[in-house]
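Engineer: Provided below are the primary sequence and the corresponding predicted coordinates.
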Amino acid sequence: MNIIVGTKNKAKIAIVTQVMAEFIPSDEMTVTGIDTPSGVPDTPRGEQIKQGAYNRAQNVATIKLAEYGIGIESGLVERYGVWFEEAWACIIIDGKSYYGYSSGLPIPEYVLQTMQKEDLEHGPAMRQILTELSRPDERDTWGTYSDKLILRSVSLQEALRNALIQTIVSKHSLYKIIGKL
């Protein structure tokens, strides 16, 4: 099975490989990353996160050898007056799209205040904060927020599993029997 991911990000490719191996024997699949634009801002917000995942998946799903085209995107979303960081995954198989998203981790108030006060997007605000704290830019916002008690990879894995479970199902899964009743 040829799986193509719409990114060259090694961490995202490793996550796709790990999650797919939970469902498909690793010797029966190859996972390749191809750099493709998301078509959304660097820090997508709200529905842009889902759209970015779809755009990445769509860009690689058109490659003839791709059996699975996968896109993963993370960004910021406001729910009930609270800003969260979450991830979305889109899997395209034979022209059909399957989506999943992760739980969200609340963005620390100091980060939001810095974004607003300095009129910065999330990434530049995080780099400024880490510089102020004399900490390296770790590129793992969840790990930075929580002092590595929870990592961003958790959200990426969750979003991908939530999309994937709709495509690889047992005969008793409601995803499988809906439409056949």
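Structural biologist: It's in.
Engineer: Chain neighbours aside, what residue packs nearest to Met1?
Structural biologist: In space, and not counting its chain neighbours, Met1 is closest to Met29: 4.4 Å by CB to CB, 6 or more residues apart in numbering. (C-beta placed from N, C-alpha, C; glycine too.)
Engineer: next one: Ala61
Structural biologist: Gly69 (2.7 Å).
Engineer: Run through the bridge partners of that neighbour.
Structural biologist: Using DSSP bridges, the bridge partners assigned to Gly69 are Ile4, Ile92.
Engineer: in whichever strand or helix holds Tyr98, what counts as buried?
Structural biologist: Tyr98 belongs to strand 96-101 when assigned by DSSP states H and E. The neighbour-count check on strand 96-101 (16 or more other CB atoms under 10 Å) flags Ser97, Tyr98, Tyr99, Gly100, Tyr101 as buried.
Engineer: what about Pro41, neighbour count?
Structural biologist: For Pro41, the neighbour count with other CB atoms under 10 Å is 12.
Engineer: go on, the one 5 residues further on?
Structural biologist: The burial metric for Gly46, expressed as a neighbour count using other CB under 10 Å, is 12.
Engineer: What strands line up against the strand holding Tyr98, and which way round?
Structural biologist: Neighbouring strands of strand 96-101 in its sheet, by DSSP bridges, are strand 82-93 (antiparallel).
Engineer: and the strand it pairs with, how far from the chain's centre?
Structural biologist: Strand 82-93 has its C-alpha centroid displaced from the chain centroid by 5 Å (CA atoms, centre = their mean, to the nearest Å).
Engineer: Could I get the average pLDDT for that strand?
Structural biologist: Confidence for strand 82-93, expressed as mean pLDDT, is 97.
Engineer: returning to what we had before: from Ile49, how far off is the residue nearest to Met1?
Structural biologist: Going from Met29 to Ile49 by CB to CB, to the nearest Å gives 26 Å.
Engineer: out of the two, which sits in the more crowded spot?
Structural biologist: For Met29 and Ile49, the more surrounded residue by other CB under 10 Å is Ile49, and the numbers stand at 25 against 17.
Engineer: so who does the more buried one touch?
Structural biologist: Neighbouring residues of Ile49 by CB atoms under 8 Å, 6 or more residues apart in numbering: Val40, Glu73, Ser74, Gly75, Leu76, Val77, Glu86, Ala87, Trp88, Tyr101.
Engineer: Pick the one among these closest to Gln128.
Structural biologist: Closest approach between these and Gln128, by CB to CB: Leu76, at 16.5 Å.
Engineer: contacting residues around the closest residue to that closest one other than its chain neighbours?
Structural biologist: Among residues not flanking Leu76 along the chain, Arg45 sits closest, at 5.0 Å (CB to CB, 6+ apart). Arg45 makes contact with Gly75, Leu76, Val77, Glu78 under the criterion CB under 8 Å, 6+ apart.
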